[in-house]
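> Quick one: sequence plus predicted model below, questions after.
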Amino acid sequence: MKPLPTKESYYHRPKIIVHKKWAEMGGWGIIPPMSAERAYLVTLNYQGGPGDINESLSELERLTLTAGGEVVGTRKYTRPRPDVALFLGSGQARELAQSVKTNTLDIVIVDHELRPIQQRNLEEVLQVKVIDRTQLILDIFAQRARSHEGKLQVELAQLSYLLPRLTGQGILLSRLGGGIGTKGPGESKLEYDRRRVRERISALKNQLETLKRTRSLQRKDREGVPLPLVSLVGYTNAGKSALLTALTRAQTLVEDKLFATLDLTTRKLILPPALEVLLTDTVGFIRRLPHYLVAAFRSTLEEVVSADVLLHVADASHPGWEGQINTVKAVLQELGAGDKVTVLVLNKMDQVSPMLRRRFTHQFPGAVQISALTGEGLDGLRAVLAERLTQSWPLATFEIPYERSEVRALLMRRGHVVKETYGQKQIILKARVSPKVAGQFKEFRKSVGGKR
């Protein structure tokens with residue numbers, strides 16, 4: 001008879017285990033590994049699978065290193081379609097089991113999302129912990145989350161992933177059985193765990209809904225001071241945080257790691273000649289971004305939907321830049337922001353060959369080529385951003401008495417001044433301003449409309 005599993009062994013699959021301190025509070029916690037786990041990466045080439053498995057496997061390796069693992073080796077298999085029970089073929093699984101035994105591995109990471117039954121069967125064959133791509137990304141998010149909201153969002157995503165993977169071990173996890181005190185209604189250990197997870201998920205959703213309402217109030221407060229909102233979006237490690245730092249001199253974390261920052265950072269940015277905008281850095285995207293994360297981070301990603309202009313930052317030096325650009329476009333479409341005014345920013349141009357520069361100029365004529373590291377192209381980016389923000393605003397004429405010079409200063413910061421004329425008693429400003437700003441200064445406004 002097998003021994004009863006401990007809490008740690010029972011929850012080892014999703015790497016989410018009951019933390020003693022959190023358990024007393026009715027929650028769930030993450031216990032990181034004490035040392036780097038020796039990992040073997042596996043991908044399967046099949047019809048309808050990921051397009052470029054080499055690029056995807058290379059990305060999985062970077063994800064593993066970011067999570068703190070040590071990549072011992074990689075292996076590519078080919079099948080017409082994934083096996084229903086093992087994902088791999090039975091012969092492939094036995095061959096992989098031999099590699100696991102030879103290399104003394106701690107974990108096998110599969111570059112696909114596994115069904116719960118496939119994950120369990122692989123673990124039985126390989127006799128080692130098996131996780132999939134989704135679980136690895138969730139683990140990285142758990143390590144990177146810093147804010148209270150970010151931690152709640154990650155925990156919600158992890159528990160949503162965990163719930164269908166809670167499976168019992170036959171009668172070993174059941175409180176129902178023979179003997180005194182076991183007759184009548186009861187509850188299996190599995191159902192008890194599922195109920196606890198569902199209760200925690202419900203509590204997390206309620207907390208996040210409260211934070212969402214708070215964020216909505218903050219957004220309304222910002223609308224009271226009508227500053228345009230610009231959001232940085234892009235593939236993970238494209239250099240969004242570095243660009244935010246370069247443009248606003250904000251003290252943000254900049255690392256050459258995937259998902260280095262998860263929490264929103266908003267700073268004020270001055271565009272020429274004196275236009276004030278809010279610039280927000282958002283979480284990076286990735287191929288096959290787990291839908292658990294998209295659902296959990298939806299309130300945070302609403303900043304993307306509500307933005308006036310998106311700065312799509314792409315790593316021009318990455319070999320797979322084209323696929324990364326398409327991935328970001330697909331995620332934006334999923335979020336309902338596919339039609340937003342977007343400026344493509346090709347970053348890390350200091351690492352790009354002259355030939356590739358010419359290709360970018362021809363293929364993306366409206367893009368801005370920059371280097372957040374060296375400062376190349378940042379002035380041009382500011383000018384393009386100011387133009388894209390204000391091009392749809394109507395042209396308004398304002399007559400401002402000299403004694404109300406503060407109104408002129410505000411219009412300089414809230415809009416784009418096209419022409420300024422000094423009369424005998426007043427200043428005449430022609431400026432492109434948003435409808436809200438035009439309404440805010442309606443007592444000085446003489447006309448609205450026109451394209452010139």
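Sure thing, it's come through.

> Dihedrals phi and psi, E443?
Main-chain dihedrals, E443, degrees, to the nearest 10: phi -70, psi -20.

> And G366, by the same measure?
Backbone torsions for G366, taken as degrees, to the nearest 10, come to phi -90, psi 0.

> what does P354 give?
phi -60, psi -40.

> contacting residues around the nearest residue to T342 once chain neighbours are set aside?
Once flanking residues are discounted, T342 sits nearest to L310: 4.5 Å by Cβ to Cβ, 6 or more residues apart in numbering. Where you see a C-beta, it was placed from the backbone N, CA and C, and this is true even at glycine. L310 makes contact with 230-233, 304, 332, 337, 340-343, according to Cβ atoms under 8 Å, 6 or more residues apart in numbering.

> try 10 Å
229-234, 282, 304, 328, 332, 337, 340-345, 388 (Cβ atoms under 10 Å, 6 or more residues apart in numbering).

> swap in T43?
T43 touches 49-50, 53-54, 56-57, 60, 74-78, 109-112, 133, counting by Cβ under 10 Å, 6+ apart.

> and these, which are buried?
49-50, 53, 56-57, 60, 74-75, 77, 109-112, 133 (16 or more other Cβ atoms under 10 Å).

> In helices only, show me these.
Among the buried ones among the contacts of T43, the members falling in helices are 53, 56-57, 60, 133 (criterion: DSSP state H).

> The residue nearest to T342 looks like it's in a helix, true?
No - assessed by DSSP: H, G, I helix; E, B strand; the rest coil, L310 does not belong to a helix; its assignment is strand.

> doesn't A238 make contact with D281?
No - using Cβ atoms under 10 Å, D281 makes no contact with A238, being 11.3 Å away.

> Give the residues shared as contacts by the two.
232, 313.

> My read is that K76 contacts L57, right?
Yes - using Cβ under 10 Å, K76 makes contact with L57 at a distance of 7.0 Å.

> In contact with A246, which residues are there?
With Cβ under 10 Å, 6+ apart, A246 has these contacts: 239, 254, 347, 370-375, 378, 381.

> Which PyMOL command selects the buried ones in the residues you listed?
Listed next is the PyMOL selection for buried residues among these, using 16+ other Cβ under 10 Å:
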select buried, resi 239+254+347+370+371+372+373+378+381
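
> Run through the stretch 151-300 of the chain and note the low-pLDDT ranges.
167-188, 218-225, 250-263, 298-300 (pLDDT under 70).

> quick one: contacts of stretch 435-442?
Outside stretch 435-442, the residues touching it (Cβ under 10 Å, 6+ apart) are 223-228, 393-394, 396, 398, 400, 407, 410-411, 413-415, 429, 431-434, 445, 448.

> Return the set of buried residues in the helix or strand harbouring L381.
Assigned by DSSP states H and E, L381 falls within helix 378-390. Buried residues in helix 378-390, counted by 16+ other Cβ under 10 Å: 378, 381-382, 384-386, 388-390.

> what's the very next helix or strand once past that helix packed up against?
Next in sequence after helix 378-390, counting helices and strands by DSSP H and E, comes strand 395-401. Secondary-structure packing of strand 395-401 (3 or more Cβ pairs under 10 Å, 6 or more residues apart in numbering; DSSP states H and E): helix 405-414, strand 416-422, strand 426-432, helix 435-440, strand 445-448.

> All the strands of the stretch 101-250 of the chain, in order from the start?
Ranges of strands in the stretch 101-250 of the chain, per DSSP state E, counting those that start in this stretch, are 107-110, 129-132, 229-234.

> what about the first one, average pLDDT?
So that's strand 107-110. Averaging pLDDT along strand 107-110 yields 94.

> Give the pairing partners of it; include direction for each.
Using DSSP bridges, the strands paired with strand 107-110 are strand 38-45 (parallel), strand 129-132 (parallel).

> Relative to the whole chain's centre, how far out is that strand?
Relative to the centre of its chain, strand 107-110 is centred 23 Å away, using Cα atoms, centre = their mean, to the nearest Å.

> again with the second one
From the chain centre to the centre of strand 129-132 is a distance of 22 Å (Cα atoms, centre = their mean).

> For that strand, report the contacting residues that lie outside it.
Residues from elsewhere that reach strand 129-132 (Cβ under 10 Å, 6+ apart): 12-15, 37, 39-40, 42, 67, 87, 96, 100, 105-115, 118-124, 138-139, 161, 290.

> Quickly find the element holding F360.
helix 354-363.

> Would you mind identifying the next helix or strand past that helix?
Next element after helix 354-363 (DSSP H and E): strand 368-369.

> For that next one, which helices and strands make contact with it?
strand 342-347, helix 354-363, helix 378-390.

> Give me the buried stretch members for the second one, please.
Just to be clear, that refers to helix 354-363. F360.

> Common neighbours of K76 and L57, please.
With contacts defined as Cβ under 10 Å, 6+ apart, the residues shared by K76 and L57 are 41-43, 111.

> Reformat those as a markdown table; add distance to E322.
Shown next, in a markdown table, are the shared contacts of K76 and L57 (distance: Cβ to Cβ, whole Å):
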| residue | distance to E322 |
| --- | --- |
| L41 | 24 |
| V42 | 26 |
| T43 | 20 |
| D111 | 20 |
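
> returning to what we had before: what's the most buried one of the helices and strands packed on strand 395-401?
strand 426-432 (a mean of 19; mean count of other Cβ atoms under 10 Å).

> Can you give the distance of it from its chain's centre?
That offset, for strand 426-432, works out to 42 Å (Cα atoms, centre = their mean).

> Same check on stretch 149-158?
Distance, centroid of stretch 149-158 to centroid of chain: 12 Å (Cα atoms, centre = their mean).

> likewise stretch 360-377?
The chain centre lies 23 Å from the centre of stretch 360-377; the measure is Cα atoms, centre = their mean.

> could I get the buried ones among the contacts of T43 as CSV with distance to S317?
CSV is the format used below for these (distance: Cβ to Cβ, whole Å):
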residue, distance to S317
G49, 27
P50, 22
I53, 22
S56, 19
L57, 20
L60, 20
T74, 23
R75, 28
Y77, 31
I109, 26
V110, 29
D111, 23
H112, 28
R133, 24
